[in-house]
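J.: Would you be able to build a 3D model of this:
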Amino acid sequence: MQEIISISKTVGVVIPIYNVQDYLKECLDSVINQTYKNLQIVLVNDGSTDENSLNIAKEYTLKDERFILFDKKNGGLSSARNVGIEYFSKEYKLKNITNDIKENSLIEFDLDGNNPYEIYKVYKSSKFFKNKDELLNFKTPDIDYIIFLDSDDYWELNCIEECVPRMDGVEVVWFDVKILLDGVNHSNWRSNIKWFNYTQECILERNDWLERLYNNKLSWFYFSWQGMINFVFLKGIKLKFINYIIQEDDHFGIVLFSQLKRVYVFPNELYTYRIRPNSIMSYDGKITQKNIPVFFKSNLKHFNDDVTQTKKYFHVSSSVKTYLELVKFLKLQRDSLLNKSLCKYLLPTYIKNAFEIIHFNIDPLNLLSNAKTIKKLMKKYDIKPHGIEFRFKNELPYRLGNTILQNCRSLKKVIKLPVKIYKIFNQNKLEQKIFQTRVANNSYFELPKLQEYEDYYRLDYLKKHLSYKIGLSFLKCHKYRYLGGYFVFLFQASIILFRFQKNKITKERSAIHSEISNLRGYLYNIEIGINNLIFQNKNLNFYDTNNNLLIFFKDENLMKYLSYENIAFVDLTDKYLEDYKTLSIFDNIYFYAFEPDNFNFLLTRKKNVKNMEIFNFILGAKTFTKKKKYKLNNDNTISQENFNFIQVKDINWFLDNEAFNDCKLLILYLKLNSNTFELLRYIISEKIYLKCFYIFCNIEDNFSYDVLYDEIKQEMKSNDINNIVIRTNI
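T.: Here you go, the predicted structure:
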């Protein structure tokens, strides 16, 4: 099975390259040494300015005929990945510059026709071409799957081999990631799979992903290099990365997962993600011009070469573009379930981040025009503005104080300090004038009150910053500059610095004592907890239930039949053994349960439980077979015999063909979630509920209650259904 898959499936690999000469060989070695060999590899040099990135890319392209190298103008990560997508989509026509094939050389191509990313040249090894006809008629290879890899990261050598067989029947294989700290001491970064708390291999449907996203209250999602994608599917949904932004994989991941049917979750760490200083993400907390992409550096002049302001504007402008594309996508989908799921926690994050554009008086990309629609959506979803720290730090006292502190450590900087302060005053006057004109023309540009911000609680903390205290003191003394105010400032500043250092030492000591105290309390609580567990386990009853099910049976209409009528109870939940234990007090209830797992099915059948019949399938809206998950052999190969399938039978067929021991009453019991929601809709649309005395439904999570419940209630109301009883348990 493994050999057949290896021959038949071609994987396209896209690797953007930008100033990674220290990491690129490690990355490319992890690709060429993959145990799975059927690869087509696209390298995209995104205008690297270091000495060797392009040379290393050429070296690997020369020695491995699976490589093709695009050399282009810098346009950012998105544009580089899009080049790979467009190449494999056969959107490019390559025209050879090189006419003769020389041994061990690079063949050069130009783009014939449209060239939006300003691709300079394309390179392919001469080893690929057997003769001149092949050179003249070179065509883009067909691929089945596509995968992205960043050039400062690398794969485990079995990454592709693990992914390809799992792609059968799904649109995406989603694997886990481990981090490598390189020149960075600490990082709180965690992979999405860990945030979602997936620890076992499984196949999810789209709604399963939405449910987990919603119940975990996750306010972000991203996906690009974390897995493999079916390329036919990707082309079909016409998805590419948004150009010229940061965090481009947010929009890409959300739109991708919102449209797929199934995703294979593979929680093995197949990818090493390097966290390093001087990247665009600036993980070390230091912001320099290196953290601003080349294509965005032209905007520095608009912010008087202020790197921090320019970087912040780049982030916020990216958020605005992401928000605009997400809203556009959701409007086109017309999917109420998707809209309800994403608009609770996910979309508000991007709306909130986009709102920060209102804090900028300088807007070279003209994105402030979206403020009106952003504010309307904030009101609609009751979203409080965020960004009090940026607003506070952008005000005059903080900017002055920060500039003074940064330029007082050397005589050279001190001499230039008055000019810098003068520029800040002038810039502030200009910004205030622009802001007042803007608000006069449109009230939507007015800033919220400070107490309206969701992070307003941080204001007191920000006022304790040394930059703010120094800046505030300078402003006060500046008013009396002709009366010796600056000399007074020097005296006040020395006092502020002394007190700040003293408080810092006191706080550090206090923090140490607090940590020790907390640790003692923590250990004490652990001891108490262990003692409580020991006590509880002495009387632990493993068959104890919360009797949620019995609450349904207190219904007056049902109670009068319990004593003399035989009742068929069809349990569609995975807690059927607990439910059987609860209902076993009634001799006239016949229990019907469903266990798709072969081992658990045989184990339960062996018990010969009284009045209980168990089936080795599950009920659904139609009869079909679906793959649950893969089973691996000891040598990590996959064989057809070890595939685990689930049989799904049409519930309508089952109810019509099962004898139910001549029971007079039929009760269905299910737990409402993203999967059973569709089943319940089918029961309503096909009027299957008419065959039942009651259909009992339990809701146990926020997603089902907030997103699914209203729609089911509406359908029950419009069909005048009284025998479907839904109980919430949250």
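
J.: Could I get the average pLDDT for stretch 675-682?
T.: The average of the pLDDT scores along stretch 675-682 is 88.

J.: hmm, who's touching that stretch?
T.: 205, 207-208, 572, 619-621, 651, 670, 672, 688, 695, 697, 704, 708, 712, 715, 724 (CB atoms under 8 Å, 6 or more residues apart in numbering). Quick note: C-beta positions are derived from backbone N, CA and C, even for glycine.

J.: Show me which of these are buried.
T.: 205, 207-208, 572, 619-621, 651, 670, 672, 688, 695, 697, 704, 708, 712, 724 (16 or more other CB atoms under 10 Å).

J.: In helices, which of the residues you listed fall?
T.: Secondary structure assignment by DSSP state H places 207-208, 651, 712 of these in helices.

J.: Quickly name whichever of those residues is closest to residue 554.
T.: residue 712 (22.1 Å; CB to CB).

J.: State the pLDDT value of that closest one.
T.: Per-residue pLDDT puts residue 712 at 89.

J.: same question, residue 278
T.: Note for residue 278: predicted pLDDT of 66.

J.: same check, this time on residue 433
T.: 89.

J.: Relative to residue 439, how far out is it?
T.: Counting by CB to CB, to the nearest Å, the gap from residue 433 to residue 439 is 11 Å.

J.: just residue 70 next, same as before
T.: 47 Å.

J.: For my notes, please list the ones in helices among the buried ones among the contacts of stretch 675-682 in JSON lines and give distance to residue 324 for each entry.
T.: Shown next, in JSON lines, are these (distance: CB to CB, whole Å):
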{"residue": "207", "distance to residue 324": "26"}
{"residue": "208", "distance to residue 324": "28"}
{"residue": "651", "distance to residue 324": "43"}
{"residue": "712", "distance to residue 324": "33"}
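
J.: Closest one to residue 383 out of these, please.
T.: residue 207 (24.9 Å).

J.: OK, contacts around that closest one?
T.: By CB under 8 Å, 6+ apart, residue 207 lies in contact with 337, 674-675, 677-678.

J.: and these, which are buried?
T.: Buried, going by 16+ other CB under 10 Å: 337, 674, 677-678, out of the contacts of residue 207.

J.: Which members of those are the farthest-apart pair?
T.: Taking CB to CB, no two of the buried ones among the contacts of residue 207 sit farther apart than 337 and 678, at 9.7 Å.

J.: which residues touch residue 416?
T.: residue 407.

J.: May I ask you to confirm that it belongs to a helix?
T.: Yes: under DSSP: H, G, I helix; E, B strand; the rest coil, residue 416 falls within a helix.

J.: For residue 470, see how far away it is.
T.: 18 Å.

J.: Ok, residue 598 next?
T.: 72 Å.

J.: neighbour-wise, which of the two wins?
T.: residue 470 (25 against 11; other CB atoms under 10 Å).

J.: Which of the helices or strands spans that one?
T.: If you go by DSSP states H and E, residue 470 is part of helix 466-478.

J.: Grab the CA positions of that helix and hand them over as PDB.
T.: Only the C-alpha atoms of helix 466-478 are listed here, as PDB (Å, rounded to 0.1, in the frame of the first residue of the first chain):
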ATOM      1  CA  LEU A 466       9.300  55.900  33.700                       C
ATOM      2  CA  SER A 467       8.800  57.300  30.100                       C
ATOM      3  CA  TYR A 468       5.400  58.800  31.100                       C
ATOM      4  CA  LYS A 469       6.700  60.300  34.400                       C
ATOM      5  CA  ILE A 470       9.700  61.900  32.700                       C
ATOM      6  CA  GLY A 471       7.700  63.200  29.800                       C
ATOM      7  CA  LEU A 472       5.000  64.700  32.000                       C
ATOM      8  CA  SER A 473       7.600  66.400  34.100                       C
ATOM      9  CA  PHE A 474       9.300  67.800  31.000                       C
ATOM     10  CA  LEU A 475       5.900  69.200  29.700                       C
ATOM     11  CA  LYS A 476       5.200  71.000  32.900                       C
ATOM     12  CA  CYS A 477       8.700  72.500  33.000                       C
ATOM     13  CA  HIS A 478       8.500  73.400  29.300                       C
END
